[in-house]
Structures are given as C-alpha cells and as structure tokens.
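Student: Take this sequence and fold it.
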Amino acid sequence: MTLIHGKSTVVVVNAVDISQFTKTSEFTRGVDTHDTTHYGDENHEWTGGLGDNAFSMGGTFDNTAGIGPRAVLRPLMDSKALVTLVRRPEGTGAGKAQDSVSIIVEKYVETNPVNDMVAWAAECKCSGAVNSAAQ
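Tutor: Numbering: from 1, shown residues only. The predicted structure follows:
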C-alpha cells in the first residue's frame, strides 16, 4: 500500500487549474435508496436508486486575474452552466487516479475573518455519470 499526500491533488474546473488556490476538497459519492418493505416484513428492505454525487472545495482567497477562485467559480455559479470538473487525488501522471464529471457550482462563499486571511469555499452538484478511468 502506498500512502498519498494531499498536497499532490489537482483540481481543474472548466479547463482552468485552480489547484494553487485550493487548500481542501471533498468528492462525495452517494446513491439514493428506496424503502421496498412490504406488509409482514420484520425488517426494512432497500433497493438502490440514482447516483447522487457532490464536490466541495475551498482555500485562501487570491484575486489573481482570470485564474483565481473568484474569477473562475463565481461566474459559473451565476450562469448556472454545466462545466467539467477533473480531480486527480494523486497528482498528474500516467496510470494515476482521476475523476471527471459535469458539475454545477451551487454556492460560492467568501469569508473575511478579522484576524486571518480571506478564505473561499464552493459547493458543486455533480450531473451525470462520473468517469473514474485512470489518466
């Protein structure tokens, strides 16, 4: 088993690499479940439904023109556009893990604490199937 350090993670949104501005990210894979319990059953019975995936990320605010998180993510949220997210948890390289999926940026938040750096965070809803083929 090889342990992977988080510092190698790559996050690309709408063909723009925002990794240098990203400090945390979380890719949540889920599935709907449906209760199919019938009269007389002593326990719940379940069946799987549709996939329900989400992606969130955040970091230290940077106003770098054109490629900073505010410049990239806020217009995507305002336009409600579907764009491609590419996430590489092991970094870039042949055979390494990669997830690619269409997303909608649902929320973009900037936090301004008096005693710390301005921070940003975004929540995204995945649309359609996740392609988890290796790079």
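Student: Surely residue 70 is within a strand?
Tutor: No: Residue 70 sits outside any strand when classified using DSSP: H, G, I helix; E, B strand; the rest coil, being helix.
Student: In contact with it, which residues?
Tutor: Residue 70 is in contact with 61, 63, 108, 110, 120, counting by CB atoms under 8 Å, 6 or more residues apart in numbering. Every residue, glycine included, has its C-beta placed from N, CA and C.
Student: How about residue 103?
Tutor: Neighbours of residue 103 in contact, by CB under 8 Å, 6+ apart: 13, 55, 82, 83, 84, 85, 124, 125, 126, 127.
Student: in the sheet, who's paired with it?
Tutor: Note on residue 103: beta-bridge partners by DSSP bridges are residue 83, residue 126.
Student: any idea how far the spatially most distant residue from the centre of the chain lies from residue 46?
Tutor: For the chain, the largest distance from the centre (CA atoms, centre = their mean) belongs to residue 40, which lies 42.1 Å off. Residue 40 is 17 Å from residue 46, where distance means CB to CB, to the nearest Å.
Student: Repeat that for residue 2.
Tutor: Distance, residue 2 to residue 46, by CB to CB: 35 Å.
Student: Compare those two and say which is more crowded by neighbours.
Tutor: When neighbours are counted by other CB atoms under 10 Å, residue 46 comes out ahead of the other of residue 2 and residue 46, with 11 against 4.
Student: Residue 36 is in contact with the more buried one, correct?
Tutor: Yes: between residue 46 and residue 36 there is a contact under CB atoms under 8 Å: 6.5 Å.
Student: Please report how far the residue most central in space within the chain lies from residue 23.
Tutor: The centre of the chain sits closest to residue 55, judged by CA atoms, centre = their mean, with a distance of 2.3 Å. The gap separating residue 55 from residue 23 is 15 Å, by CB to CB.
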